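Enquirer: Structure of the sequence below:
(chains A and B)
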Amino acid sequence: MLKIRLIPCLDVADGRVVKGVNFVDLRDAGDPVEAARAYDAAGADELCFLDIHATHENRGTMFDLVTRTAESIFMPLTVGGGVKSADDVRALLLAGADKVSFNSAAVADITVVARAAERFGAQCLVVAIDAKEVAPGRWEIFTHGGRRPTGIDAVEFARRAEAHGAGEILLTSMDRDGTKAGFNLGLTRAVTEAVSIPVIASGGVGNLDHLVEGVTEGGASAVLAASIFHFGTHTIAEAKDHMAAAGLPIRPVPEAPAPPMAAP
Amino acid sequence: MSVALIDYQSGNLHSARKAFERIAAEVGAGAVTVTESPDVVAAADRIVLPGDGAFPACARALRAIDGMEEALQEAVHARGRPFLGICVGMQLLATTGYEYEETPGLGWIDGTIRRIEPGAEGLKVPHMGWNDLVLEQEHPLLEGLSTGYHAYFVHSYAMQVDSPADRLAHVGYGADITAIVARGNVAGTQFHPEKSQAQGLRLIANFLRWAP
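Expert: Residues are numbered from 1 along each chain as shown, chains lettered A, B, ... in the order given. All right, here's what the predicted structure looks like:
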């Protein structure tokens, strides 16, 4: 049986992990590669690096981080931030990413996702949607770290992303991000019902019940959180125990003692 | 001793290379080379076809390398070198793929590649994440692994084998999804062993010691 994925997200700026509160106040939470190793050992199901200040100048820093991470951990890594073209996807896959996330570039021109999907397959393409509630039951996409409204309906855009070859949606509620008030479950449910690809719920996790709700009420295939893990409020194991106790299918931590590699 | 990872402009090559380099060093399997050279492939002791991508694009890219298919035939069938396909690299072993369009595969394992059906449960496609293996046969590639171990999958199409004898393991996702295949010196995993933490590295170690 397929398990619900628990994904710690590392927001990265200038080679360091940071975590914003509503994308404004940033706090340093350490070295990304060290954090990735710690999450690997702790039994996270995937990792996500988001380059939140993605600029041409610091692309090299991100490639280096991805390369160093892929050299030391053997679990799925999604990388996003500043991805503009199929060639950007190729470069990140070569550096060691397993999935690459489009955000603003896909909002500007969704066909970039289709071009990348044709070359690399839908399975490695994530479309990140940052949405704010603009009226009851209506969510609009914002780009550029939540500063720029687009007038685009988030649910409709999720459908278009799927039609253009996205393999997964990373759905962040801008209203909730950094608030610890829980996922926007209305938004999550609306998107998970609109598409047949997996949806990662993101934005607002403050306690372990929120992780459960993202799945049971939001219909998410995976839940993403940052600060509750980064600042030591909860461990991955505590989160998984809580989700399993709520009846969700969860990959146990630890899975089993690592089998010996040496020749018999 | 040498291990060739075929670069056909597709996929998460770096992850696969890092995992094979680490385990090859641990088990003494020699140098790991990422290559698009048919000569290197023909001379390798073991061959890995990693994969991430759409079946027709991958099949075209592999065949676009002049002499590669002949080099694979030589190494795998004439010289009996162990071969491992990963994800689309496994799917390419099949007779025919039906992703986007009908595309012939290598035809080394009788079967077809067809889209995963969401079914009555409304399953999400791609099948993405950790799923627990059900082992169906004993095999040197499975040493140290057992039913219930999780592996990391990410795919929208799956292999339907014509003969159950060619299938070593499956996972449940609506219908059974083929997880590991093997016939003679040819094997493949639908999941990504290089992304499946300790259990995946164990399978890689088994492959690098496999003497079919």
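
Enquirer: Just say helix, strand or coil for residue 151.
Expert: Reading this off chain A. With DSSP: H, G, I helix; E, B strand; the rest coil as the basis, the three-state label of residue A:151 is strand.

Enquirer: hmm, I had chain B in mind actually
Expert: strand.

Enquirer: Tell me how many other residues surround it.
Expert: Other residues lying near residue B:151 total 24 when counted by other Cβ atoms under 10 Å in any protein chain shown. Any C-beta I mention is one placed from the backbone N, CA and C, and that applies to glycine too.

Enquirer: I'd like to know how far residue A:186 sits from residue A:171.
Expert: Look at residue A:186 and residue A:171: by Cβ to Cβ, to the nearest Å, they are 12 Å apart.

Enquirer: When those two are compared, which one has more neighbours?
Expert: Taking neighbours as other Cβ under 10 Å, residue A:186 and residue A:171 compare with residue A:171 leading, 31 against 16.

Enquirer: Show me what the host helix or strand of that one pairs with in its sheet, parallel or antiparallel.
Expert: Per DSSP states H and E: residue A:171 is located in strand A:168-173. Using DSSP bridges, the neighbouring strands of strand A:168-173 in the sheet come out as strand A:125-135 (parallel), strand A:199-202 (parallel).

Enquirer: Can you point out the buried residues in whatever helix or strand residue A:106 lives in?
Expert: For residue A:106, the element it lies in under DSSP H and E is helix A:104-108. Neighbour counts over helix A:104-108 (16 or more other Cβ atoms under 10 Å in any protein chain shown) mark A:104, A:105, A:106, A:107 as buried.

Enquirer: could you pick out which of those residues are near chain B?
Expert: Subset of the buried residues of helix A:104-108 in contact with chain B: empty, counting by Cβ under 8 Å from any Cβ of the partner chain.

Enquirer: Including pLDDT, could those residues go into TSV?
Expert: Rendered in TSV, the data for those read as follows (pLDDT from 0 to 100):
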residue	pLDDT
A:104	91
A:105	93
A:106	95
A:107	95
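
Enquirer: Out of those, which is nearest to chain B?
Expert: Proximity of the buried residues of helix A:104-108 to chain B (Cβ to the nearest Cβ) peaks at residue A:106, which lies at 17.6 Å.

Enquirer: List the contacts of that closest one.
Expert: Under the criterion of Cβ atoms under 8 Å, 6 or more residues apart in numbering or on different chains, the neighbours of residue A:106 are A:112, A:113, A:127, A:161, A:166.

Enquirer: Which of these fall within helices?
Expert: The members of the contacts of residue A:106 that map onto helices under DSSP state H are A:112, A:113, A:161.

Enquirer: Out of those residues, the closest to residue B:72 would be?
Expert: Proximity to residue B:72 was ranked across those by Cβ to Cβ; first place goes to residue A:113, at 32.2 Å.

Enquirer: Can you report how many residues neighbour that closest one?
Expert: Around residue A:113 there are 26 other residues, counting by other Cβ under 10 Å.

Enquirer: for the residue nearest to it when sequence neighbours are not counted, what are its contacts?
Expert: Distances taken as Cβ to Cβ, 6 or more residues apart in numbering or on different chains place residue A:164 nearest to residue A:113, at 4.6 Å, with adjacent residues excluded. Under the criterion of Cβ under 8 Å, 6+ apart, the neighbours of residue A:164 are A:110, A:111, A:113, A:114, A:117.

Enquirer: Try it again at 6 Å.
Expert: A:110, A:113, A:114 (Cβ atoms under 6 Å, 6 or more residues apart in numbering or on different chains).

Enquirer: and the longest helix seen in chain B, what does it pack onto?
Expert: Using DSSP H to define each element, chain B has its longest helix at helix B:13-27. Under the contact definition 3 or more Cβ pairs under 6 Å, 6 or more residues apart in numbering or on different chains; DSSP states H and E, helix B:13-27 sits against helix A:59-72, strand B:31-35, helix B:197-209.

Enquirer: Show the model's pLDDT score for the residue of chain B most remote from its centre.
Expert: Note on chain B: the largest C-alpha distance from the chain mean falls to residue B:120, namely 29.1 Å (Cα atoms, centre = their mean). With respect to pLDDT, residue B:120 scores 80.

Enquirer: ok so, going back, other residues contacting the strand holding residue A:171?
Expert: Here strand A:168-173 has contacts from A:101, A:126-130, A:158, A:184, A:187, A:191, A:197-200, A:202-204, using Cβ under 6 Å, 6+ apart.

Enquirer: Recalculate using a threshold of 7 Å.
Expert: The contact list for strand A:168-173, computed with Cβ atoms under 7 Å, 6 or more residues apart in numbering or on different chains, reads A:101, A:126-131, A:158, A:161, A:183-184, A:187-188, A:191, A:195, A:197-204, B:128.
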